[in-house]
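Enquirer: Show me how the following folds:
(chains A and B)
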Number of protein chains: 2
Amino acid sequence: MTPLAIYPVRGLPEIDQSVSLAGLILKGIRQLRLLLRPADVVVVTQKIVSKAEGRVIDLNRVVASRPARELAERIRFDPRHVQVILDESVRVVREAPHVLITETRHGFICANAGVDRSNSGGLDRLVLLPNDPDESAAHLRDELEGLSGVAIGVIISDSFGRPWREGQVNVAIGAAGVESLRDYRGGADADGYRLEGTVLAVADELASAAELVMGKLERVPAALIRGAQVAGAGDASALRRDPATDLFR
Amino acid sequence: MTPLAIYPVRGLPEIDQSVSLAGLILKGIRQLRLLLRPADVVVVTQKIVSKAEGRVIDLNRVVASRPARELAERIRFDPRHVQVILDESVRVVREAPHVLITETRHGFICANAGVDRSNSGGLDRLVLLPNDPDESAAHLRDELEGLSGVAIGVIISDSFGRPWREGQVNVAIGAAGVESLRDYRGGADADGYRLEGTVLAVADELASAAELVMGKLERVPAALIRGAQVAGAGDASALRRDPATDLFR
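Expert: All right, here's what the predicted structure looks like:
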């Protein structure tokens, strides 16, 4: 039988605003001797989407405010980095030495507001999250569909930590054309018991699955998932829990 | 190129203590016209592992204590179900109508201590988590390796909710023979920037990836992952965050 298949998409150059991300991804897929097929899902790391959108800041042009300097001293961070994180955030959720967890303007709760100094294209550069990752996913999907002529899904992934569990996993911060949440409520199991409350975060599972072929150091910034049967009309905003129903907010 | 491939393993009967889970999984894999290969990972849902270990309780034989009845009234649960959840837990983390999040004896923080009434093999039956999911994974791995003659990894998965994000994802509650955490700390990215704090929870990502071919209602209780390059000596205990370093405990 044909399994669900996940292919690493390699060979992309360093990304900046001058490139066509969709064109480079399709070139990487062609190097696998593949063509996009309907219902394929392309997973792309946030890092290259942000770089293609110019969401990059030179640390040397950042002036840290007094609150940023004070926080940076407490958590032992570069104060300019803290300033950029605060600019991207609506509140600090937790601080500890070398750890800063905030809620971003988008509503994500994650380390450093997603502002990352690694793989940023230079030692003094910071890459921010896209302004609107769902919009970024929809745009990339339009371009990939325009170039390939087939209807696909796109996920923009980032690595988030979790309370209570060690390690980070990749989650979907943006999505287009996928069933982000699969709702089994109201369904019945084989015994006739109603599956109350069972909703699976399929987009996050796709992002995690794609990470298995990416690796942090090998510059595999995209993956192609084939056979997942997840085509849908969802985006990733559905994955941000409503604060009103969040027991941990 | 050969992708990472995920196959659903179907055709298993209703599981109880009389069966050989390893034998049934291998039979399901043979029905895919496949044989286990070295470094394959078999992901199995907690539900069938628990059933094979007899971790099933008949609700009609449970007598709810007064604290269980009071909690059940507040959260509108069956008091007998609440009693079993409390018996499996060391503390209640959050309660709300229809929601009970506890820390289990194993150290997992999850809904209902993992005690589940759906797909339990009968309307009045509850399935508990295995007593020691890492031990269960090691045992299943030994049996699969004994029968197949190849060294593989095993993951036992369950669906957990997360703070801040909607939906559940499958995580690894038990593992054997896999690199549960992949540690990139001390590595350097292409710019020479040290990747501080980047540790990926590979076992959880494998569990999430497998869920994509399982589905809750279709009785696909196992999956075969091939090509993930995750062989290692880890178990899932490494994924339970040390309370001393957990900012959300």
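
Enquirer: Point to the residue nearest the middle of chain A.
Expert: For chain A, the residue nearest the mean C-alpha position is A:Ser157 (2.3 Å; C-alpha atoms, centre = their mean).

Enquirer: Who does it form a beta bridge with?
Expert: Applying DSSP bridges to A:Ser157 gives these bridge partners: A:Thr45, A:Ala172.

Enquirer: Name the residues of the strand or helix carrying A:Leu24 that are buried.
Expert: In the assignment (DSSP states H and E), A:Leu24 maps to helix A:21-31. Buried residues in helix A:21-31, counted by 16 or more other C-beta atoms under 10 Å in any protein chain shown: A:Leu21, A:Ala22, A:Leu24, A:Ile25, A:Leu26, A:Gly28, A:Ile29. For every residue, glycine as well, the C-beta is placed using N, CA and C.

Enquirer: Residues in contact with the helix or strand bottoming out on mean pLDDT in chain A: which ones?
Expert: The least trusted helix or strand in chain A, going by mean pLDDT, DSSP states H and E, turns out to be strand A:182-183, with a mean of 90. Residues outside strand A:182-183 that contact it (C-beta atoms under 8 Å, 6 or more residues apart in numbering or on different chains): A:Val199, A:Leu200, A:Val202, A:Val230, B:Gly167.

Enquirer: Drop anything exposed from these.
Expert: Of these, these count as buried by 16+ other C-beta under 10 Å: A:Val199, A:Leu200, A:Val202, A:Val230, B:Gly167.

Enquirer: For B:Ile48, state which of the residues you listed is nearest.
Expert: Nearest to B:Ile48, judged by C-beta to C-beta, of the buried ones among the contacts of strand A:182-183 is A:Leu200 at 18.1 Å.

Enquirer: Apart from its neighbours in sequence, what residue is nearest that closest one?
Expert: Of all residues not flanking A:Leu200 in the chain, A:Arg182 sits nearest, at 4.6 Å (C-beta to C-beta, 6 or more residues apart in numbering or on different chains).

Enquirer: Distance-wise, check that neighbour relative to A:Met1.
Expert: Per C-beta to C-beta, to the nearest Å, A:Arg182 is found 21 Å from A:Met1.

Enquirer: quick one on the thing from earlier: can you give me how far the helix holding A:Leu24 is from the chain middle?
Expert: On the basis of C-alpha atoms, centre = their mean, to the nearest Å, helix A:21-31 is displaced by 19 Å from the centre of the chain it belongs to.

Enquirer: got it, and stretch A:178-192?
Expert: Relative to its parent chain, stretch A:178-192 has a centroid offset of 25 Å by C-alpha atoms, centre = their mean.

Enquirer: same deal with stretch A:113-132?
Expert: With C-alpha atoms, centre = their mean, you get 13 Å for stretch A:113-132.

Enquirer: For stretch A:235-249, list every residue counted as buried.
Expert: Buried residues in stretch A:235-249, counting neighbours by 16+ other C-beta under 10 Å, are found at A:Asp235, A:Ala236, A:Ala238, A:Leu239, A:Arg240, A:Arg241, A:Phe248.

Enquirer: got those as TSV, with distance to chain B and pLDDT columns?
Expert: Output for the buried residues of stretch A:235-249, formatted as TSV (distance: C-beta to the nearest C-beta, whole Å; pLDDT from 0 to 100):
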residue	distance to chain B	pLDDT
A:Asp235	12	94
A:Ala236	10	96
A:Ala238	6	93
A:Leu239	5	95
A:Arg240	7	92
A:Arg241	5	90
A:Phe248	3	85
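
Enquirer: Show me what counts as buried in stretch A:54-72.
Expert: For stretch A:54-72, by 16+ other C-beta under 10 Å, it's A:Arg55, A:Val56, A:Ile57, A:Leu59, A:Val62, A:Ala64, A:Ala68, A:Leu71, A:Ala72.

Enquirer: Between the residues you listed, which sits nearest B:Gln83?
Expert: B:Gln83 has its nearest neighbour among the buried residues of stretch A:54-72 in A:Leu71, at 46.2 Å by C-beta to C-beta.

Enquirer: my read is the closest one is in a strand, agree?
Expert: No - A:Leu71 is assigned helix when assessed by DSSP: H, G, I helix; E, B strand; the rest coil, not a strand.
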